[in-house]
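need a structure here:
(2 chains)
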Amino acid sequence: MSTALIGFAILLLLVFLRLPIAFAMGLVGFVGFALQTNTRASLSMVGRLLIDTGQDYGLSVVPLFILMGLFVNRAGLSTELYRASYAFLGHFRGGLAMATIVACGGFSAICGSSLATAATMSRVAMPPMRKYGYSDGLAAASIAAGGTLGILIPPSVILVIYGLLTEQSIGKLFIAGIVPGLLGILFYVLAIRFAVARSPAAGPAGERSDWPERLAALRGVWTVLLLFLVVIGGIYGGVFTPTEAAGIGAGGAFLIALARRALSLYDLSEVLMDTARTTAMLFSVLIGALIFSNFVNRAGLPDALLALVTGFDVSPLVVMCLILLVYIVLGCVFESLSMLLLTVPIFFPLVQSLGFDLIWFGIIVVVVTEISLITPPVGLNVFVLRGVLGDVSTGTIFRGVTPFWIVDILRLALLVLVPALSLWLPSLMMGG
Amino acid sequence: MTARTFLEGRAERWLTRPLVLLGGILLFTLMVLTCIDVVGRYLFNAPLQGATELTRLLMAGVIFAALPAVCLREDHVTVDLLDSLVPKWLMRARQLAINLTCTVILAVISWRVWLLAERAGQYGDRTEYLQIPVAPVVYFIALMCAMAALVAALVCAYYLTGRRHDASGSMP
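Numbering: from 1, shown residues only, chains lettered A, B, ... in the order given. This next block holds a predicted model:
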C-alpha cells in the first residue's frame, strides 16, 4: 500500500514538472514494478506490454474512429449540422444556442473528442449567434458545454481507453453512452431556456424556418446520419464488432468526403498524417498507463483500498460519492485524458469489488470528466474557446457556463441513482 | 511558436514527416482492409482470410511510425498548469531535463524490444494463419523507438544550443 502511494505521489510530482504523462507513468510503473519484483522482470514486462498493446486488434478502433471524424469534418458537415438544427430551433428564444447544443451532439456522434468538437463548432456557431446579438457569455458557454458531449456520445475515444484499462466490452460502453448523451442534450437545452428566461436579452429569437427550408437543411446531413446509424446500429445489433464498425465508418466517411469533392490528395494525406500522429500520442499514454497499472496492482493497492473502505463500514453508495468527489476536485486541475489514465487503474478494482457495474462506472467517469472540462480554473473546453474566439474573456465564459454546470451535476446525480439509464440499452444488445 | 530552424526543418522533412506519411498510408490500408473484410463477409459471405492478423501488424506500423514526429514536436500529453509560473530561463533547463529523460527511456525501450525481436527471430515465430514472420514487425517497433530516442536527443540539443526555448509544440 505505502509503496503504491509513494509511487503515486512521485508520479504527480513528475507530471507537474511537466514530464509527459506517458513517460511519467511508464517510468514510475517500471521502477515500482522492479522494486516489487526485480529489474529483469520489470524490463521484460515493459517490453512485452509495448509490443502487445501496439498490436492489439481491438484497439484499431481508435485510429479508425478518429479518421472517420476528420473525414466528415473535411466534408463540411459541421456547418450543415448547424444549419439543420437552426432550421428547427432558431425561432425559439435562445434558439441559436439550443441549435448549437444539438449540432454539437450530432457532431460528437462522429467525432470522439470534446476539444475537436468545441473548436469546430465555435467556428460555425459563433458568427450567427453574434449576428443575432447573443451575449458572449451564453454563446461561448453553449459551445463549451455542447463540446463536452463529444466524449460521451459514441464513438468516444475516452470510452475506448476506459474499456481497455478495465477490460470491458467497447461495444457495450458505446451503447451505454447513448441515453446519457441524449439526456445531456436535453438538460443543456433546459439550461438555455432557464438562462434566457432570466435575461431575455442574452438570447433573442432568430427567424422561423418553414418546412421546405427544414427539409432542405436535413438533406445536407442525411448521409452522415445514415453513416452513424449503420455504425452504431451495427454494433448494437451485434452485426459488427466495434473494429469492423469503425472501419466501415471511416470508409463511409471517406466516400462521403470524396463524393462532395471535399478531399484533394493533399487533404487526404493531411488527414491521414494527423490521425497517425494522434494515434501515436494516445497509444504512448495508454502504454504508460498500463505499465503503471501493473505496478499498482502488484503493490496491492486495490486490495488495500478495499480493506480501508470496508473498515469504514459505510454503504457502497457513500464510497461512490467520495470517489466522484475526488474526480470533481481532480478535474479542477487535470485535463480529462490524464485524469482518466491516472485514476481508473486505481479506482476500478475497488468499484468492481463493491459490486458496481463497470460499464455503468465508465459512463459515470466520462460524465464527471465532461464536467471537469467546463469547471474552473482549468476547464479545457473553455480555454480552447478562449483561444479560438480571442476576444471573449475566460471569466465571461465561466460565468456563462454556470447553468450548464449545474444541470451537469443534476444529470450526474440522476445517472448515479438510476443505473438503468446507462445499462438498459446495452442489456438489450445482441452478441456483445 | 518558435521559428523552425534549419536543422529542425530538416529533421522534420527528411526523418519524421516521411515516417508519419508511412503511418498514414498504413492507416489507409487498414481502413480499406477492414471494409473489404466486412463487405466480403456480409454481402458475399467471403471474409478476407487473415484480416485480423494483418490488422494487428498494420496497427503496430501506424502507432510507432508516428512516434518520432510526436517526440520532435513535443506533442505529448502533458500537464502544463504551472507553465505561467515558471521563469523563462528555468523553462529551457526544464525542457532539457525532460527531453533527456525521454531519450533515456526511449533508448531503453528500444533495446528491450530489440531483444524481443531477436528472440522472435530465433524461434521463427509466425502469425497463426498467414504464417507471416513476427520478427520484422518487432524489429520495426524497436527501430522506431530508437528513432524517437534519437529525435528526443536532437530536441535536447535544440534546448542546449538555444534553438528552442519553450515547448512550442504542446497539445492543441
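
Could you give the backbone dihedrals for residue B:126?
phi -130, psi 160 (degrees, to the nearest 10).

Now do it against chain A, distance only.
For residue B:126, the distance to chain A equals 14 Å [Cβ to the nearest Cβ, to the nearest Å]. Bear in mind the C-beta positions are built from the backbone N, C-alpha and C, glycine included.

and the stretch 1-150 of chain A, which residues reach chain B?
The stretch 1-150 of chain A has residues A:15-23, A:26-27, A:43-44, A:46-48, A:50-51, A:54-57, A:59-60, A:63-64, A:67, A:115, A:119 near chain B, with proximity defined as Cβ under 8 Å from any Cβ of the partner chain.

Tell me which of those fall in helices.
A:15-16, A:21-23, A:26-27, A:43-44, A:46-48, A:50-51, A:54, A:63-64, A:67, A:115, A:119 (DSSP state H).

Throw together a ChimeraX command that grabs the buried residues out of those.
Of those, the buried ones can be selected in ChimeraX as follows, counting by 16 or more other Cβ atoms under 10 Å in any protein chain shown:
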select /A:15,21,22,23,26,27,43,46,47,50,51,54,63,64,67,115,119
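
burial of residue 40, as a residue count?
No chain in the question, so chain A it is. Other residues within reach of residue A:40, judged by other Cβ atoms under 10 Å in any protein chain shown, total 9.

My question was about chain B, not that one.
By other Cβ under 10 Å, 15 other residues sit near residue B:40.

tell me, how many neighbours does the residue lying closest to it once chain neighbours are set aside end up with?
Nearest non-adjacent residue to residue B:40, counting by Cβ to Cβ, 6 or more residues apart in numbering or on different chains: residue B:46, 4.8 Å away. Using other Cβ under 10 Å, residue B:46 has 11 other residues around it.

So which helix or strand of chain B has the lowest pLDDT on average?
None of the helices or strands of chain B scores lower by mean pLDDT, DSSP states H and E than helix B:6-11, at a mean of 68.

which helices and strands sit right next to whichever helix or strand comes after it?
Using DSSP states H and E, the helix or strand that follows helix B:6-11 towards the C-terminus is helix B:17-43. Here helix B:17-43 touches helix A:61-74, helix A:242-259, helix A:265-298, helix B:51-65, helix B:67-73, going by 3 or more Cβ pairs under 8 Å, 6 or more residues apart in numbering or on different chains; DSSP states H and E.

Please name every helix or strand in contact with the fourth one.
Counting contacts by 3+ Cβ pairs under 8 Å, 6+ apart, helix B:51-65 packs against helix A:39-54, helix A:265-298, helix B:17-43, helix B:135-161.

And for the next helix or strand after the second one, what's in contact with it?
Meaning helix A:265-298. Sequence order places helix A:301-312 as the next helix or strand after helix A:265-298, per DSSP H and E. Residues outside helix A:301-312 that contact it (Cβ atoms under 8 Å, 6 or more residues apart in numbering or on different chains) are A:1, A:4-5, A:296, A:319, A:346, A:349-350, A:353-354.

can you pick the most crowded of these?
Ranked by the number of neighbours (other Cβ under 10 Å), the contacts of helix A:301-312 place residue A:296 first, at 25 neighbours.

how near is that residue to chain B?
19 Å.

go on, residue A:370?
According to Cβ to the nearest Cβ, residue A:370 and chain B sit 18 Å apart.

what's the answer for residue A:318, then?
Distance, residue A:318 to chain B, by Cβ to the nearest Cβ: 30 Å.

Next up, the contacts around that residue.
Residue A:318 touches nothing, counting by Cβ under 8 Å, 6+ apart.

what helix or strand is it on?
helix A:316-331.

got the CA coordinates for that helix in CSV?
The C-alpha trace of helix A:316-331 is given here as CSV (Å, rounded to 0.1, in the frame of the first residue of the first chain):
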residue,chain,number,x,y,z
PRO,A,316,-21.1,1.4,-1.3
LEU,A,317,-23.1,4.5,-2.5
VAL,A,318,-21.3,6.7,0.0
VAL,A,319,-18.0,5.3,-1.2
MET,A,320,-19.1,6.1,-4.8
CYS,A,321,-20.0,9.6,-3.8
LEU,A,322,-16.5,10.1,-2.3
ILE,A,323,-14.9,8.7,-5.5
LEU,A,324,-16.9,11.2,-7.5
LEU,A,325,-15.9,14.0,-5.2
VAL,A,326,-12.2,13.1,-5.8
TYR,A,327,-12.9,13.2,-9.6
ILE,A,328,-14.5,16.6,-9.4
VAL,A,329,-11.6,18.0,-7.3
LEU,A,330,-9.0,16.4,-9.6
GLY,A,331,-11.0,17.8,-12.6
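
Pull out the buried positions in it.
Buried, per 16+ other Cβ under 10 Å, within helix A:316-331: A:319-320, A:323-324, A:327, A:330-331.

Stretch A:351-368 too?
Quick answer for stretch A:351-368 (16+ other Cβ under 10 Å): A:351, A:354, A:356-368.

I'd like to know how many residues surround residue 41.
By default, I'm working from chain A. Neighbours of residue A:41 (other Cβ under 10 Å): 13.

switch to chain B, that's the one I care about
There are 15 residues near residue B:41, going by other Cβ under 10 Å.

can you pull the pLDDT of it?
On the pLDDT scale, residue B:41 is placed at 85.

what helix or strand is the residue lying closest to it once chain neighbours are set aside on?
Leaving aside its chain neighbours, residue B:41 sits nearest to residue B:47 (4.0 Å; criterion: Cβ to Cβ, 6+ apart). Assigned by DSSP H and E, residue B:47 belongs to neither a helix nor a strand.

Please state the backbone phi and psi of residue B:47?
Dihedral angles for residue B:47 - degrees, to the nearest 10 - are phi -70, psi 160.

With residue A:55 instead?
phi -120, psi 30.

didn't residue A:142 look like it was pressed against residue A:100?
Yes: with contacts counted by Cβ atoms under 8 Å, residue A:142 reaches residue A:100, the gap being 4.7 Å.

and of the buried residues of stretch A:351-368, the nearest to residue A:164?
residue A:362 (11.0 Å; Cβ to Cβ).

Check which helices and strands the one helix or strand that closest one maps to sits against.
Taking DSSP H and E as the criterion, residue A:362 maps to helix A:358-373. Judged by 3+ Cβ pairs under 8 Å, 6+ apart, helix A:358-373 is in contact with helix A:157-166, helix A:170-176, helix A:178-198, helix A:316-331, helix A:336-353, helix A:380-389, helix A:394-417, helix A:420-427.

Let me see the confidence value for residue 101.
Here I'm looking at chain A. With respect to pLDDT, residue A:101 has a value of 91.

should've been chain B
96.

Give me the neighbour count for it.
Residue B:101 has 19 neighbours, counted by other Cβ under 10 Å.

how far away is it from chain A?
Separation of residue B:101 from chain A (Cβ to the nearest Cβ) stands at 6 Å.
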